[in-house]
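Q: Just need the structure, nothing else, for what follows:
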Amino acid sequence: MLRRTKIVATLGPASKDQKVLEKMIRAGVDLVRMNFSHGTAQDHMKSAETVRAAAKACGRTVGILADLQGPKIRIRKFEHDKIVLNVGDTFILDASFDGLGNQERVGLDYKELPNDVSAGTILLLNDGMLEFHVKKVIGAEIICSVVRGGALSNNKGINRKGGGLTAPVLTDKDKEDIKIAALIKADYLAVSFPRSGDDMRVARELMHAAGGKSLLMAKIERAEAIPALADIIEASDAIMVARGDLSVEVGDAAVPGLQKRMIKMARERNRLVITATQMMESMINNPIPTRAEVSDVANAVLDGTDAVMLSAETAVGDYPVETIEAMARICLKAEAEGEDHMIDRRTVSQRFSRIDQSIAMSALFAASHLKVKAIVALTQSGSTPLWMSRLNAGVPIFAMTPLPETLSKVTLFSGVHPIAFESKAKDYSQTLRDAEDELVRLKLIATGDLMVMTIGESIGQAGHTNTMKIVKAGDHKKH
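A: Numbers count the residues shown, from 1 in each chain. I've put the predicted structure just below:
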C-alpha cells in the first residue's frame, strides 16, 4: 500500500551514518532535512553526498531540504552553564555585557533587543519555559521580573509574546548558506522567521543569483506572519507549520486552529505544506510513541498536510528507524480512515487559466469516477503532478520523468511517487505505451488495470501537458 503523506527526517549525529540512513529510507523517509544551524559548508556537502548515496543504495529518490538558521535571538553563556531563577527574582538581559552570565545578568547575541522592548513587554525564554516581565529598559540593560521561573542554561532562545522583534530575516550567515544550498543542489530551501512575502522574494532572488533552483519554503513561526499568511504563501512554493516558536509567540491554544487554517490555505493556493515540531518527541528516548503523539500525527494527515516532520527524534534520538516506522504506520492508518474522494462541486466549477492545469484536474475528475488503479503524469517540471496532489482522488499518482531534479522535488508532493523514466520514442503515443510497460515491469500496476495518463504532445517541454488518455494496461499489446 502506497502512503500519500510524506515523511521528513532531520539529519544529525544519530542519523548521519550511511547505513543508518539506508535503514531510515527503507522505513519510509521521503525527504531529509539538513539543519544549517549546525555544521560547516564541508559538513553539508558531505551530508548531501551521503543522503544521495543511501537513496541510490535503496533504489529510492529522496529529496533534500536545506533549513536556514535565521536570526539568533538568544542569550549568551553562563559561568557555570546554567542558573535557576525563582518567581519574583529580578534578572537583567544585557546587550553590552560580554562576560559569562551569573545569577543577576547574562549577555545577548542579538544586540538590538533593548530597542525592541519596553516596560510591560513579556519575553519568553527556552521555548516559553521561562517568562520575564520587562520592568524598564536603561540603555543596553533590559531589567526584568521573573513571572515563571526555572532552570536557564547557555544559548537559550528568546521570543517576544505577540511578536515584534525586528531582527532581519536573512542574516549574513543565511546569505552564505543560500550559496551552499545552491552548491549541493538542495531541492527545497526553508527560510526561518519570515514576516512577509517580501522576505521570501528576497530569499528567492539570492537563491537564483547563487545559481540555485530550490523550491522555497516559508517557516511560519512568528506572530507577525499570521496576518501576512496569504502574501507569504503566494511568494513561496511551500510552507512549514513550525509549531515550536509559533506556539511561544501566539500561545499554545491557538496553534491547532492555525495549523488547520494554514494547511487549507496552502492547498487552495497549490502550495505544499509540512507539519513540524514535537510530533514524536517522546521517541527521542522511547521505542514507542505516546497515544497523544499518535493522534497528533494522524490529525495532521486528516487535515491534509503533505508531510509530517521529525526533528530531534531522528537527529539525536535513540530510535530513529523505529520512529519512522511508527510514523509511517500512523500515516497509513489515518489515510485509510480519511475521505477517499475530495473532488467536489467547487472543483468542477473552478476556472483554469492554463491548459496543463485543466488536464490535471480532468485526470482527477476521471479517476474519481472510474475504477482506476493509478494516475500517471509524464512530466518535465512537475507542475502537473503538483496540481493533482492538491486533491485526493483516492489513487496513487506516478510522476514519470527523466529529470533527477524533478524526481527529487516531487518527493514532498502528497500522493505522488517519483519514477525515473525516459523513452526514446518521438511519438507521444509510443511514449505512453513505454511508460505503461515500465509500470507493469515495476509491478506498480497489473495487466488489465485501468489508468489515467497525462502527457504533452511536445515531448520534453515543460508546461506543455495537453493530453489525457484513459488506458487499460496491456491493451496495446493486443493490437
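Q: Counting neighbours, what do you get for Ile455?
A: Ile455: 24 surrounding residues under other C-beta atoms under 10 Å. Where C-beta positions appear, they are placed from N, C-alpha and C, glycine not excepted.
Q: again, but for Lys185
A: Per other C-beta under 10 Å, the neighbour tally for Lys185 reads 17.
Q: what's the answer for Thr323, then?
A: Neighbourhood size, Thr323 [other C-beta under 10 Å]: 30.
Q: I'd like to know how far the nearest residue to Val87 once chain neighbours are set aside sits from Phe91.
A: Spatially, and ignoring its direct neighbours in sequence, Val87 is nearest to Gly149 (5.0 Å; C-beta to C-beta, 6 or more residues apart in numbering). Gly149 sits 9 Å away from Phe91, taking C-beta to C-beta, to the nearest Å as the criterion.
Q: Now the common contact residues for those two.
A: Leu85 (C-beta atoms under 8 Å, 6 or more residues apart in numbering).
Q: Of these two, give the one with the bigger neighbour count.
A: Legend: neighbour count by other C-beta under 10 Å for Gly149 and Phe91, higher for Phe91 (22 against 17).
Q: Report the secondary structure state of the more buried one.
A: strand (DSSP: H, G, I helix; E, B strand; the rest coil).
Q: do Pro289 as well
A: Pro289 ends up coil, using three-state DSSP.
Q: Domain map for this structure?
A: Domain assignment for the chain by automatic domain parsing gives 6-70+168-335, 82-160, 345-478.
Q: mind showing which ranges of the chain have poor pLDDT?
A: Scanning the chain for pLDDT under 70 picks out 1, 339-352, 457-463, 478-479.
Q: quick one on the thing from earlier: so the residue nearest to Val87 makes contact with Phe132?
A: No - with contacts counted by C-beta atoms under 8 Å, Gly149 stays clear of Phe132, the gap being 9.7 Å.
Q: How far away from the center of its chain is stretch 292-307?
A: 14 Å (C-alpha atoms, centre = their mean, to the nearest Å).
Q: Tell me which stretches of the stretch 251-400 of the chain form strands.
A: Taking DSSP state E, counting those that start in this stretch as the test, the strands found in the stretch 251-400 of the chain are 272-276, 307-310, 374-378, 397-401.
Q: any residues touching the next helix or strand after the last one, and which ones?
A: Think strand 397-401. Toward the C-terminus, strand 397-401 is succeeded by helix 404-409 as the next helix or strand (DSSP states H and E). Applying C-beta under 8 Å, 6+ apart, the contact partners of helix 404-409 are 61-64, 185, 187-188, 213, 215, 379-382, 399, 401, 418-420.
Q: what's the burial count for His464?
A: Neighbours of His464 under the rule other C-beta under 10 Å: 17.
Q: Okay, the most centrally placed residue in the chain and Arg26: tell me how far apart.
A: Residue closest to the mean C-alpha point of the chain, counted by C-alpha atoms, centre = their mean, is Ile274 at 3.9 Å. Applying C-beta to C-beta, the value for Ile274 to Arg26 is 22 Å.
Q: now the residue nearest to Val87: how far from Pro287?
A: According to C-beta to C-beta, Gly149 stands 34 Å off from Pro287.
Q: what do you get for Ile180?
A: Distance from Ile180 to Pro287, by C-beta to C-beta: 35 Å.
Q: that older thread, was I right to think the residue nearest to the centre of the chain contacts Ala300?
A: No - Ile274 lies out of contact with Ala300 (C-beta under 8 Å); the separation is 9.4 Å.
Q: and for those two, which residues touch both?
A: Each of Val308 lies in contact with both Ile274 and Ala300 under the rule C-beta under 8 Å, 6+ apart.
Q: With distance to Arg76 as extra columns, can I get the domains of the chain in TSV?
A: Output for those, formatted as TSV (distance: least, C-beta to C-beta, whole Å):
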stretch	distance to Arg76
domain 6-70+168-335	16
domain 82-160	4
domain 345-478	37
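Q: okay, these, which one's buried deepest?
A: The highest mean neighbour count among these, using mean count of other C-beta atoms under 10 Å, belongs to domain 6-70+168-335: a mean of 20.
Q: Val8: what's it in contact with?
A: 29-33, 65, 274, 276, 307-310, 412.
Q: cool, Glu337 as well?
A: Residues near Glu337 by C-beta under 8 Å, 6+ apart: Ala298, Leu302.
Q: What's the separation between it and Glu325?
A: Distance, Glu337 to Glu325, using C-beta to C-beta: 19 Å.
Q: and Phe78, how many residues sit next to it?
A: Here the count is done by other C-beta under 10 Å, and Phe78 has 18 residues near it.
Q: Against Asn155, how distant is it?
A: Here the criterion is C-beta to C-beta. By it, Phe78 lies 10 Å from Asn155.
Q: now Asp30
A: Asp30 is 32 Å from Asn155, where distance means C-beta to C-beta.
Q: Same question for Asn466.
A: Relative to Asn155, and taking C-beta to C-beta, Asn466 is found at 55 Å.
Q: what ranges do the helices span in the stretch 101-250 of the chain?
A: Secondary structure of the stretch 101-250 of the chain by DSSP state H, counting those that start in this stretch: the helices cover 113-116, 172-183, 197-209, 229-234, 243-250.
Q: so which of those comes closest to Glu49?
A: helix 172-183 (11.8 Å; C-beta to C-beta).
Q: Tell me the helices and strands packed up against that closest one.
A: helix 41-58, strand 63-67, strand 188-191, helix 197-209 (3 or more C-beta pairs under 8 Å, 6 or more residues apart in numbering; DSSP states H and E).
Q: As a markdown table, these with distance to Lys16 would be great.
A: Below are the helices and strands packed on helix 172-183 laid out as a markdown table (distance: least, C-beta to C-beta, whole Å):
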| stretch | distance to Lys16 |
| --- | --- |
| helix 41-58 | 7 |
| strand 63-67 | 14 |
| strand 188-191 | 19 |
| helix 197-209 | 25 |
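Q: Ok, which of the ones you listed comes nearest Ala14?
A: helix 41-58 (13.2 Å).
Q: relative to strand 63-67, how tilted is the closest one?
A: 160 degrees (axes from the mean of the first three to the mean of the last three C-alpha atoms, to 10 degrees).
Q: Just the CA trace of helix 41-58, in PDB.
A: Provided in PDB are the C-alpha atoms of helix 41-58 (Å, rounded to 0.1, in the frame of the first residue of the first chain):
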ATOM      1  CA  ALA A  41      29.900  24.000   4.400                       C
ATOM      2  CA  GLN A  42      32.100  20.900   4.100                       C
ATOM      3  CA  ASP A  43      29.800  19.100   6.500                       C
ATOM      4  CA  HIS A  44      26.700  20.000   4.400                       C
ATOM      5  CA  MET A  45      28.400  18.900   1.200                       C
ATOM      6  CA  LYS A  46      29.400  15.600   2.700                       C
ATOM      7  CA  SER A  47      25.900  15.000   4.200                       C
ATOM      8  CA  ALA A  48      24.200  15.700   0.800                       C
ATOM      9  CA  GLU A  49      26.500  13.100  -0.800                       C
ATOM     10  CA  THR A  50      25.700  10.600   1.900                       C
ATOM     11  CA  VAL A  51      22.000  11.100   1.600                       C
ATOM     12  CA  ARG A  52      22.100  10.600  -2.200                       C
ATOM     13  CA  ALA A  53      24.400   7.500  -1.900                       C
ATOM     14  CA  ALA A  54      22.000   6.000   0.700                       C
ATOM     15  CA  ALA A  55      19.000   6.700  -1.500                       C
ATOM     16  CA  LYS A  56      20.700   5.100  -4.500                       C
ATOM     17  CA  ALA A  57      21.600   2.000  -2.500                       C
ATOM     18  CA  CYS A  58      17.900   1.700  -1.600                       C
END
